[in-house]
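Peer 1: how would this look folded up:
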Amino acid sequence: MRGYAGAHQMNRDRIFGAIIFAVSLAGVVLFFWLVFFVAPLLVLEITAFVAVALLLAIASSVGYTLAKPPTRSTEEIETEEDPVQAEAQEQSGA
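Peer 2: You can find the predicted model right below:
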């Protein structure tokens with residue numbers, strides 16, 4: 001695959017995917033061990049709290065995004081006439 005620019009990126013993506021898979025699998029095993037052998041009630045309480053907190057954080061982010069005033073695009077800013085520049089043009093043209 002010499003000369004193919006995407007080959008290196010694809011290889012990195014596969015390695016990154018394998019790492020994510022392994023860490024996720026280890027997380028499941030750790031969660032199983034904590035729930036069934038260490039402190040089931042505490043682990044489930046913490047898990048429920050984190051899940052609800054994440055959902056509420058996402059909901060608050062959506063609410064904030066909808067509530068804030070929209071930002072102007074670069075096109076709008078570029079096409080908008082500058083009052084100082086417009087006044088200077090009027091004075092030089094008059």
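
Peer 1: quick one: the stretch of helix or strand Ala22 belongs to to chain centroid distance?
Peer 2: If you go by DSSP states H and E, Ala22 is part of helix 5-33. Centroid separation between helix 5-33 and its chain, computed with Cα atoms, centre = their mean, to the nearest Å, is 19 Å.

Peer 1: Check stretch 40-48 too.
Peer 2: The answer for stretch 40-48 is 27 Å, by Cα atoms, centre = their mean.

Peer 1: Outside of it itself, which residues are in contact with it?
Peer 2: 31, 34-35 (Cβ atoms under 8 Å, 6 or more residues apart in numbering). Where you see a C-beta, it was placed from the backbone N, CA and C, and this is true even at glycine.

Peer 1: Need the CA coordinates for it. PDB is fine.
Peer 2: Only the C-alpha atoms of stretch 40-48 are listed here, as PDB (Å, rounded to 0.1, in the frame of the first residue of the first chain):
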ATOM      1  CA  PRO A  40     -23.200  -3.800  44.900                       C
ATOM      2  CA  LEU A  41     -25.400  -1.100  46.400                       C
ATOM      3  CA  LEU A  42     -22.800   1.600  46.400                       C
ATOM      4  CA  VAL A  43     -21.700   0.800  42.800                       C
ATOM      5  CA  LEU A  44     -25.300   0.800  41.500                       C
ATOM      6  CA  GLU A  45     -26.000   4.100  43.300                       C
ATOM      7  CA  ILE A  46     -22.900   5.700  41.800                       C
ATOM      8  CA  THR A  47     -23.700   4.300  38.400                       C
ATOM      9  CA  ALA A  48     -27.300   5.700  38.600                       C
END
